[in-house]
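Visitor: predicted model and sequence below, questions to follow.
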Amino acid sequence: MGPSSRRSRALLAFGSAMAAVALVASACTGASGNASGNSSAKASGGTAVMAEPPETVPNYIFPFASSTYLTVANLGLVQHLLYRPLYWFGQGAQPVVNNALSLAYQPTWSGNTVTVRLKPYKWSNGTALTAANVMFWLNMLKADGANDYGAYTGFPSQFVTSYKVVSPTEFQMTTSKAYSHRWFLYNNLSQITPMPTAWDRTASGPSHCGTSPADCTAVYNYLNAQAKNLGGYVSSPLWRVVDGPWRLSAFNADGHVTMVPNKSYSGPVKPSLSAFELVPFTTEAAEYDVLRAAGSGQQRIDVGYIPTVDTPAKPAGAAAGSNPVPGYTLAPWFDWGINYYVVNLQSTTGNGPISRQLYFRQALAQLLNQQAIISGPLRGYGVPTVGPVGNTPVTSFLSAAGKAGAPYTYSPATARSLLSSHGWHVVPDGTTTCTDPSLCGAGVRKGQPLDYSMVYVSGVSWISSEMDQLQSAAAQVGMKISLSQEPSNDVISLAVGNCVALKTPCNWDLANWGLGWAFGPDYLPTGETLFMCGAPVNSGGYCSSQNDADIEKTLSSDDLSYMYTWQNYLSKQLPFEWQPNAPYQLTEIADNLKDVTPQEATLNITPENWYFVK
């Protein structure tokens, strides 16, 4: 999902985010006191208010989004509630396909041809959801894929030789060779969001993108322009056509969003609430002030979060620690993803050649103390990121080496030795410079200092503490890191995406939007979107022919040994710098609001399940 921005960690999520896996799996189910099946009487109606992550507001409604808009705030909190993806992923803590909430039945294969059969859903304007709506999406993806995240996997143009409508409820796709059926579902069919015929138009009137890819660029340009008019979302006849359980009733650019039930929703669970509201905050502290003031006549929050700095330390082995907010249940929300900060190997500041040296990235890895961050500012809530495959929750995709822990541990002394042995004159608390370019690496100049800048997300206290720790440890080896803070969306706009491939400025060194990458809508962690040479979301520009070859094997076979081989190699290569994987958020849920837990590891929410009790 991107980054979760936490990518908002999506860029997700993003929270990622954005310890023992058993503990994390337990934490995802939430603490006691808010379980399903509560015996209290179910109330009808009511407005549930949910706090958005700090400095992270929805800003794009069209579910055909570039990496800039691929955030949890856009996808998980808004788009998926209005416009359902073809396949829904997430069953509690497990990042697996949810057949009950999907628009289609499980795909079936005959040779290299897959058939997808749709369930009987309708759009809110009364028209049936058909295979033509899927064809509309596929044609746009084929014609304008560079504008959408889905094309980052090469889908469909690079490996789908044909696709067609078989009947109003069926479509077929044929691939150029045999691929992993699991990968095709989890990372390709997962990208599709059927689009209503009402969107197949330009400012001049109806168009034919659904049947003619040649018309799609003009349709995309029109819809993209409309999606950037945030103030027009509610009144627009385009965005009023939905197939999800909710529709917009208010949308403000500052992040205030209100949804009401879509009375025409065809899915299995109709909303019990009369409205669902999202409210923005600039910092965790500001949100926490409102949360603690519940019942005092001020703004109410039913689903919010507590800053880690204000959370009592979690005892080892417990799902959650004591909760300082009366009337609420503390439920840590972990996402299916990895966390990292980006080293720009393509930087035009002069530091690109240094960053391309593996020994330098290894030294950086040994300057970040993941365990100290988890036990300190994260208050025990978090796990170390160990490589390119997530370890939260536990899945069969993680190798034995990944389960054993991160490949590099905190050791400034080792970092100093690495730099010294590669031609650097190390001056602790001073300025380290290259004295032997033949050892420093190709492109590194004699006398060049270790002088870097890093931009990181504002408003998240534990990230600020982590960056201060890294800056201090770097000074021990004579490396200067100049820190600056920006809102999450600004950091994502700067650093999410391969600046060379996307022809955007590369004049930055290090970037941290805080919550790394949440797997979605590519839920199988095969690496093609993040780590292959030239991939548009390969933010640091890492490139390795061995890595590409290893990834290709994970795409063509369901044999997990290929995934293990790939991740064991790449984890030590440090295409990004691994950092602690914090909970997407430490969720606080009002005790009279039920069925908010378990929280989905895919960072989707289903407020149609929520209800108040009397």
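Guide: Cool, got the structure.
Visitor: so residue 202 sits right up against residue 218, yeah?
Guide: Yes: using CB atoms under 8 Å, residue 202 makes contact with residue 218 at a distance of 5.0 Å. The C-beta positions use only the backbone N, C-alpha and C, and glycine is treated the same way.
Visitor: which positions within stretch 437-452 qualify as buried?
Guide: For stretch 437-452, a neighbour-count test (16 or more other CB atoms under 10 Å) marks 437, 440-441, 444, 448-452 as buried.
Visitor: what residues are up against residue 237?
Guide: Shown in contact with residue 237 (CB atoms under 8 Å, 6 or more residues apart in numbering): residue 198.
Visitor: find the helix or strand that it is a member of.
Guide: Residue 237 belongs to no helix or strand when elements are defined using DSSP states H and E.
Visitor: adding secondary structure and pLDDT, write the buried residues of stretch 437-452 out as CSV.
Guide: CSV is the format used below for the buried residues of stretch 437-452 (DSSP: H, G, I helix; E, B strand; the rest coil; pLDDT from 0 to 100):
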residue, secondary structure, pLDDT
437, helix, 98
440, helix, 98
441, coil, 98
444, coil, 98
448, coil, 98
449, strand, 98
450, coil, 98
451, strand, 98
452, strand, 98
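Visitor: ok, of the residues you listed, which one's closest to residue 50?
Guide: Among these, residue 452 lies closest to residue 50 (CB to CB), at 37.3 Å.
Visitor: under the pLDDT cut-off, which ranges of the stretch 1-150 of the chain? List them.
Guide: In the predicted model, the stretch 1-150 of the chain carries pLDDT under 70 at residues 1-39, 67, 146, 148-150.
Visitor: now do the helices in it.
Guide: In the stretch 1-150 of the chain, the helices defined using DSSP state H, counting those that start in this stretch lie at 21-28, 80-82, 131-144.
Visitor: quick one: the strands in the stretch 1-150 of the chain?
Guide: 47-51, 88-91, 94-98, 108-110, 113-117 (DSSP state E, counting those that start in this stretch).
Visitor: most packed of the ones you listed?
Guide: strand 88-91 (a mean of 23; mean count of other CB atoms under 10 Å).
Visitor: tell me the strands beside that one, with direction?
Guide: For strand 88-91, the paired strands and their directions (DSSP bridges) are strand 94-98 (antiparallel).
Visitor: one step back: of the buried residues of stretch 437-452, which is the nearest to residue 571?
Guide: residue 441 (21.5 Å).
Visitor: and the closest residue in space to the closest one that isn't next to it in sequence, how many neighbours does it have?
Guide: With CB to CB, 6 or more residues apart in numbering as the criterion, residue 441 has its nearest non-adjacent residue at 4.2 Å, and that residue is residue 357. Residue 357 has 19 neighbouring residues, counting by other CB atoms under 10 Å.
Visitor: residue 357 against residue 440, yeah?
Guide: Yes: between residue 357 and residue 440 there is a contact at 7.4 Å, judged by CB under 8 Å.
Visitor: quick check: neighbours shared by those two?
Guide: In contact with both residue 357 and residue 440: residue 422, using CB under 8 Å, 6+ apart.
Visitor: what residues does stretch 191-200 touch?
Guide: By CB under 8 Å, 6+ apart, stretch 191-200 touches 63-64, 79, 83-87, 103, 123, 125, 127, 129, 132-134, 136-138, 140-141, 148-150, 153, 155, 206-210, 219, 223, 237-238, 241, 243, 521-522.
Visitor: and stretch 96-114, by the same measure?
Guide: 84-91, 115-119, 121, 129, 172-179, 181, 184-186, 189, 194, 243, 267-268, 606.
Visitor: endpoint to endpoint, it covers what distance?
Guide: 19 Å (CA to CA, to the nearest Å).
Visitor: from here on, call the first residue 768.
Guide: Sure, I'll start counting at 768 from here, so that last one is stretch 863-881.
Visitor: how is this structure carved up into domains?
Guide: 768-848+1010-1091+1351-1381, 871-996, 1111-1136+1177-1275 (automatic domain parsing).
Visitor: which among these is found nearest to residue 1328?
Guide: domain 871-996 (12.8 Å).
Visitor: in the protein, what secondary structure element scores lowest on mean pLDDT?
Guide: helix 788-795 (a mean of 24; mean pLDDT, DSSP states H and E).
Visitor: only the buried residues of stretch 1121-1134, if you could.
Guide: Buried-residue list, stretch 1121-1134, by 16+ other CB under 10 Å: 1121-1124, 1126-1134.
Visitor: which of the residues you listed sits closest to residue 1232?
Guide: For these, the nearest to residue 1232 is residue 1134 (14.8 Å; CB to CB).
Visitor: the residue nearest to the closest one when sequence neighbours are not counted: which element?
Guide: Of all residues not flanking residue 1134 in the chain, residue 1240 sits nearest, at 4.1 Å (CB to CB, 6+ apart). Assigning secondary structure by DSSP H and E places residue 1240 in helix 1228-1242.
Visitor: kindly export that helix (C-alpha atoms) in PDB.
Guide: Output in PDB follows, covering the C-alpha atoms of helix 1228-1242 (Å, rounded to 0.1, in the frame of the first residue of the first chain):
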ATOM      1  CA  SER A1228       7.500  11.100  18.900                       C
ATOM      2  CA  TRP A1229       9.200   7.700  18.600                       C
ATOM      3  CA  ILE A1230      10.500   8.500  15.200                       C
ATOM      4  CA  SER A1231      11.900  11.800  16.500                       C
ATOM      5  CA  SER A1232      13.700   9.900  19.300                       C
ATOM      6  CA  GLU A1233      15.000   7.300  16.800                       C
ATOM      7  CA  MET A1234      16.400  10.000  14.500                       C
ATOM      8  CA  ASP A1235      18.100  11.700  17.400                       C
ATOM      9  CA  GLN A1236      19.700   8.300  18.400                       C
ATOM     10  CA  LEU A1237      20.900   7.700  14.900                       C
ATOM     11  CA  GLN A1238      22.300  11.200  14.600                       C
ATOM     12  CA  SER A1239      24.200  10.800  17.900                       C
ATOM     13  CA  ALA A1240      25.600   7.400  17.000                       C
ATOM     14  CA  ALA A1241      26.600   8.700  13.500                       C
ATOM     15  CA  ALA A1242      28.600  11.500  15.300                       C
END
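Visitor: packing partners of the next helix or strand after it?
Guide: Next helix or strand after helix 1228-1242 toward the C-terminus (DSSP H and E): strand 1247-1253. Applying 3 or more CB pairs under 8 Å, 6 or more residues apart in numbering; DSSP states H and E, we find strand 1247-1253 packed against strand 1218-1224, helix 1228-1242.
Visitor: need the winner for burial among these.
Guide: It is strand 1218-1224: most buried of the helices and strands packed on strand 1247-1253 by mean count of other CB under 10 Å, with a mean of 22.
Visitor: contacts for that one, please.
Guide: Under CB under 8 Å, 6+ apart, the answer for strand 1218-1224 is 772-773, 822, 1108, 1116, 1118, 1198, 1230-1231, 1234, 1246-1255, 1258, 1261-1262, 1275-1281.
Visitor: residue ranges with poor pLDDT in the stretch 1018-1167 of the chain?
Guide: Using pLDDT under 70, the stretch 1018-1167 of the chain drops low at 1062-1065.
Visitor: please repeat the previous calculation with a cut-off of 80.
Guide: 1061-1066, 1084 (pLDDT under 80).
Visitor: which residues are in contact with the nearest residue to residue 885 once chain neighbours are set aside?
Guide: Among residues not flanking residue 885 along the chain, residue 936 sits closest, at 4.7 Å (CB to CB, 6+ apart). Contact partners of residue 936, counting by CB under 8 Å, 6+ apart, are 884-885, 887, 897-898.
Visitor: that'll do, ta.
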